[in-house]
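Visitor: Just the structure for this:
(chains A and B)
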Amino acid sequence: MGVSIEVSGLNAWYGSNHTLRDIQLHIPANHATALIGPSGCGKSTFVRCLNRMHETNPVGRVTGTVKIGQVDIYRDISPVEIRRRVGMVFQRPNPFPTMSIYDNVASGLRLNGYRNRKVLDEVVARSLHQAALWDEVKDELKKKSGASLSGGQQQRLCIARALAVDPEVMLMDEPASALDPVSTSKIEDLIFQLKSQYTIVIVTHNMQQAARVAENTGFFLNGRLVEFDSTHKIFTNPRDKRTEDYITGRFG
Amino acid sequence: MTRIQFHRKLDDLKERLLVMAGVAEQAIQRSVEAYRTRDISICDLVDRSEVAINGFEREIDQMALDLLAMEQPMAVDLRFILAVIKINADLERVGDQAVNISDRVRQMQGFPAAELPVDIPRMAALASAMVRKALQGFIEEDAGVAKAVLTMDDSVDELNDNAFLALSTLIREQPEWAPQALSALMIARNLERVGDHATNIAEDVIFWVSGADVRHHLSA
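Guide: Okay, here's the model as predicted:
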């Protein structure tokens, strides 16, 4: 099941560049939360702080607290463990190109020491079902490489790979921006189904997508969280003029 | 991401609606002028206005539909387009009321002129003022101005109620005046409806500007 995320006093830097400023945010469990804002506003940095990826950058630095469920991810847990609990899907699908579809999905489990063939088979099948890819690939699981799939299929393969390690939170950084409309709608349908089991945070430049899939939306600008509210409120009658100006295309 | 073309199209839509509003307002004034002077040639002008108003209605709906389909408007822009679609329908109905009034004036031509206990020009002035005020709120994007229209509606309703009482009494007591009295009653009813349309327009302006739904006496 998904868990809630509690962010308080979060600041992030790239070298001397202060990219996130004092972010306070409660992300509810088993909901999809969209983050929007112009390029460079800090939304991608923010999601990278939710699984400690930001600190993998040599000049990246973070202060503040991020609690996933009851766990303070910067104090109570290792970066490796947190990335098992918090899956991530990127803009460009990145399946392991030399691995089969099966091995791509099983890779996270194997890394965590699972070797039992029966368990692996079950998890691979379940994850591919969850990612709505099973029917398209079930006959070629071990014959075809992940890289031989279409862009949309590759992205769903990456989602299956992330789901295989049974995370509590799924972070998605523009997961459909490189996909055609049909593949995009499959990813959106998927997000809609997955949020009953996982907490989903999605960064998107596509505001209609945010409106379609997310219950809540946060608007970032210049490293600050300007407004966070129900998606309905944000897209029909936002409180902050800057939010309104951005979503109506008056700047950005 | 500044959407210059989109905002230009929104400006065009607003301008077009205001042109239509001007024609609708004029149609009401003309129909009441026809009533006052019993000049049938003015009724013909009202009919022509209505044809123009119907054309505007189709054009504005098409512009709004295109913007919804092509631009995916959000927030204040989405509320604006929804408001325009509804105001458009109300203005078209204002045009219909003008035609109804001028049709009644034509019918009254067949009967001797009568001194009727109803102040149609006063009702018309009030209803027209409501339309003007609602449109002023639309032009100035001012929910406060639009709100003032909601209170004005009570006065028009009261005049209509008074007209009903006075004219029904006249019909009962002097049945020979019934045809003229019935026509005047219908005209008063038409003007009361114009006031209702102005109220709808004001509510749509408030929704557009502030996001608040004040229909049916709801405060938000």
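Visitor: does the spatially most central residue of chain A sit in a helix, a strand or a coil?
Guide: Closest residue to the average C-alpha location of chain A: A:Leu171 at 1.5 Å, with CA atoms, centre = their mean. Secondary structure for A:Leu171, judged by DSSP: H, G, I helix; E, B strand; the rest coil, is strand.
Visitor: And it, what's its pLDDT?
Guide: Per-residue pLDDT puts A:Leu171 at 97.
Visitor: Could you measure from it over to B:Ala148?
Guide: A:Leu171 sits 51 Å away from B:Ala148, going by CB to CB, to the nearest Å. Yep, even glycine has a C-beta here, placed from its N, CA and C like the rest.
Visitor: got it, and A:Gly151?
Guide: From A:Gly151 over to B:Ala148 (counting by CB to CB), the distance is 57 Å.
Visitor: before we move on, the earlier item: am I right that the residue nearest to the centre of chain A is in contact with A:Val86?
Guide: Yes. In terms of CB atoms under 8 Å, A:Leu171 counts as a neighbour of A:Val86; the distance is 6.3 Å.
Visitor: and for these two, which residues touch both?
Guide: Counting by CB atoms under 8 Å, 6 or more residues apart in numbering or on different chains, the shared contacts of A:Leu171 and A:Val86 are A:Leu50, A:Asn51.
Visitor: Now name the helix or strand holding A:Val66.
Guide: Assigned by DSSP states H and E, A:Val66 belongs to strand A:60-68.
Visitor: How far away from the center of its chain is the next helix or strand after that strand?
Guide: Following strand A:60-68 in sequence order, the next helix or strand is strand A:71-72 (DSSP H and E). The chain centre lies 19 Å from the centre of strand A:71-72; the measure is CA atoms, centre = their mean, to the nearest Å.
Visitor: Quick check: what element follows strand A:71-72 along the chain?
Guide: helix A:79-85.
Visitor: model confidence over that next one, on average?
Guide: Across helix A:79-85, the per-residue pLDDT values average to 90.
Visitor: Buried residues of that helix, list them for me.
Guide: Within helix A:79-85, the residues that qualify as buried are A:Ile82, A:Arg83, A:Arg84, A:Arg85, counting by 16 or more other CB atoms under 10 Å in any protein chain shown.
Visitor: Show me which residues of the stretch 151-252 of chain A are close to chain B?
Guide: A:207-208, A:234-238, A:243-244, A:246-252 (CB under 8 Å from any CB of the partner chain).
Visitor: Just the CA coordinates for stretch B:105-117, please, in PDB.
Guide: Extracted in PDB, the C-alpha atoms of stretch B:105-117 (Å, rounded to 0.1, in the frame of the first residue of the first chain):
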ATOM      1  CA  VAL B 105     -47.500  46.100 -30.700                       C
ATOM      2  CA  ARG B 106     -48.500  44.900 -34.100                       C
ATOM      3  CA  GLN B 107     -51.500  43.100 -32.600                       C
ATOM      4  CA  MET B 108     -52.500  46.200 -30.600                       C
ATOM      5  CA  GLN B 109     -52.700  48.200 -33.900                       C
ATOM      6  CA  GLY B 110     -56.100  46.500 -34.500                       C
ATOM      7  CA  PHE B 111     -57.700  47.900 -31.400                       C
ATOM      8  CA  PRO B 112     -58.400  51.500 -30.300                       C
ATOM      9  CA  ALA B 113     -55.700  53.200 -28.300                       C
ATOM     10  CA  ALA B 114     -56.300  52.800 -24.500                       C
ATOM     11  CA  GLU B 115     -55.000  54.500 -21.400                       C
ATOM     12  CA  LEU B 116     -53.700  51.400 -19.600                       C
ATOM     13  CA  PRO B 117     -52.700  51.300 -15.900                       C
END
